[in-house]
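[1] Structure of the sequence below:
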Amino acid sequence: MKKFIEKLRIGETQFGFSISYPAPGILERIGKDWDWVWIDGQHGQLAYQDILDLIRVCELMELPAIARVPSHESSHIGMFLDAGANGIIVPLVNTIEEAKSIVGAAKFPPLGERSFGGRRIIDRKSRDFAQTANEDTLLIAQIETPIAVENAEAIAAIDGIDALFLGPDDILLRRGVSMGVPRTKNTLGKDMEAVAKASNNHNKFSVMPAFTPEIIKYGHSIGFTMFASGADTQCLTDASDQASKVARQSIQG
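    Below you'll find the predicted structure:
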């Protein structure tokens, strides 16, 4: 994880793969293509054991495992970190108070109030892991509402928040924009700029899902260094659609 963070600090863009289904074999097959893995414990079909299995595969493949928790609850945040996640994505962080609260849950004293323990992480890293855990793990706050965008600068300024994650779907939904609209500079540019500027001003990282050359290039140009640019859901949909078309067209005419 230290090498991953060092790459981000020197501006080396890191591309991630999002996984929502309980299928560690997917990562074993395609993990080599990516720089980090987003394990979706909020919207994915993943129970704790599934998340643990995916983290284990990430460790074997030397891929940072960044897990999204389902809520701000300290029990969720602590459980995912104790399982060995290299970072935590917390959804819907709208205010300074909420940002400070998740820092309290994710970081050990004196920065936060994370409870020491975690059978697996102690077994693997010894009881000394807590000495550097605050620096070795990423706490990523999702900015996905207009209020959060307005507060992005203040949230990024909080010690313990390591990155801001722009959530395009929720931003557009809350701005009254159809979910079918393409993710482009025209539809997301101002929100992207606000998140990137806040992150850059406070030496934090900026993250977002980005699946097209246009949005990746634009995000990169304004300072985004982490992109989630692949997903099991996307790959299944696209490959299935293509295979079905090829099969049906082969017997036509």
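[2] so how many other residues sit close to the closest residue to Ala105 other than its chain neighbours?
    Closest residue to Ala105 apart from its sequence neighbours, by CB to CB, 6 or more residues apart in numbering: Ser74 at 3.7 Å. (C-beta placed from N, C-alpha, C; glycine too.) Residues within reach of Ser74, counting by other CB atoms under 10 Å, total 18.
[3] Show the contacting residues for Ser74.
    With contact set as CB atoms under 8 Å, 6 or more residues apart in numbering, Ser74 has these partners: 104-105, 113-115.
[4] Take the residues you listed and keep only those in helices.
    Under the assignment DSSP state H, the contacts of Ser74 contribute 104-105 to helices.
[5] I'd guess Ala85 is in a strand, am I close?
    No. With DSSP: H, G, I helix; E, B strand; the rest coil as the criterion, Ala85 is assigned coil and is not in a strand.
[6] Enumerate the beta-bridge partners assigned to the spatially closest residue to it that is not a sequence neighbour.
    Nearest residue to Ala85 in three dimensions, chain neighbours excluded: Ala67, at 4.1 Å (CB to CB, 6+ apart). Counting by DSSP bridges, Ala67 is bridged to Ile39, Ile88.
[7] And for Ser18?
    Counting by DSSP bridges, Ser18 is bridged to Trp38, Ala231.
[8] Spell out which residues sit in contact with it, please.
    37-38, 40, 209, 228, 230-233.
[9] Dump those into TSV; add distance to Ile10, neighbour count and pLDDT as well.
    Compiled in TSV, the contacts of Ser18 are given as follows (distance: CB to CB, whole Å; neighbours: other CB atoms under 10 Å; pLDDT from 0 to 100):
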residue	distance to Ile10	neighbour count	pLDDT
Val37	21	24	98
Trp38	22	27	98
Asp40	28	24	97
Pro209	23	20	97
Ala228	21	23	97
Gly230	23	19	96
Ala231	27	19	96
Asp232	30	18	95
Thr233	32	13	94
